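K.L.:
Prediction below, plus the sequence it came from.
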Amino acid sequence: LPEETIKLYKKFEDKYKNTHLIIITKDTQVFGNLVLKASVSNYTVLSLEHREVPSYLRLCDFGFVLRGPSYVNQVSSPTKVLEYMSQGVVPIMTEYVGDFSQLLHEHQLGIIVPFKGITQKSDIGFVDISNFSKKRSVLAQFVLEYNEKYMSNYTKAIKNEVRFYHL
């Protein structure tokens, strides 16, 4: 949802004056045009190799993961969320980002914005983002625990499958 991401950022830029949008994409021209169209003032559009991305993520406080209401979005969990969190970046996401939307809302580790608030001209109900500025180490720890739990469950499932087929 590139246009929606830019529109949402613009709302943040208008409310909080000390912001800067870093866009990392292979399609720099498209995103350059989108930020100009939305009258975004403070932005950088970059094309990077995947190995370079963590260095730039460390500079960020927040990262956007916006998904619309579809079955696929509700059952999948994008790796971008874990990439952000591992670098101390608080995800700003819609309610349609797999299990992460509810999980991060419950743990107060992410900002959930209603999809309709982005796509329509309604208020998204801004939260005080200062509450999230001290969560960098907590985010990284959450990723470690989440990955450990996920890998443990995944390993058990594989062992059960192997045992099932081995019979």
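P.N.:
In hand now; what should we look at?
K.L.:
So, low pLDDT: which residues of this structure?
P.N.:
Scanning the chain for pLDDT under 70 picks out 71-77, 117, 119-134, 150-167.
K.L.:
could you pull out the strands for it?
P.N.:
Per DSSP state E, the chain carries strands over the ranges 21-24, 43-46, 62-65, 90-93, 111-112.
K.L.:
Give me the nearest residue to the residue nearest the centre of the chain, chain neighbours excluded.
P.N.:
Computing the C-alpha centroid of the chain and ranking residues by Cα atoms, centre = their mean puts residue 65 first, at 3.4 Å. Ranked by Cβ to Cβ, 6 or more residues apart in numbering and with sequence neighbours excluded, the top spatial neighbour of residue 65 is residue 93, at 4.3 Å. All C-beta spots, glycine's among them, are computed from the backbone N, C-alpha and C.
K.L.:
wait, what's in contact with the one you found?
P.N.:
64, 65, 66, 67, 81, 100, 101, 104, 110, 111, 112, 113 (Cβ atoms under 8 Å, 6 or more residues apart in numbering).
K.L.:
Distance of it relative to residue 115?
P.N.:
According to Cβ to Cβ, to the nearest Å, residue 93 and residue 115 sit 10 Å apart.
K.L.:
Give me the common contacts of the two.
P.N.:
Residues touching both residue 93 and residue 115 (Cβ under 8 Å, 6+ apart): 66, 67.
K.L.:
Could you give the bridge partners of the residue nearest to residue 65?
P.N.:
Beta bridges link residue 93 to residue 65, residue 112, judged by DSSP bridges.
K.L.:
Next, count neighbours for the closest residue to residue 137 other than its chain neighbours.
P.N.:
Distance criterion Cβ to Cβ, 6+ apart; nearest residue to residue 137, sequence neighbours excluded, is residue 88 at 7.1 Å. A total of 17 residues lie near residue 88 under the criterion other Cβ atoms under 10 Å.
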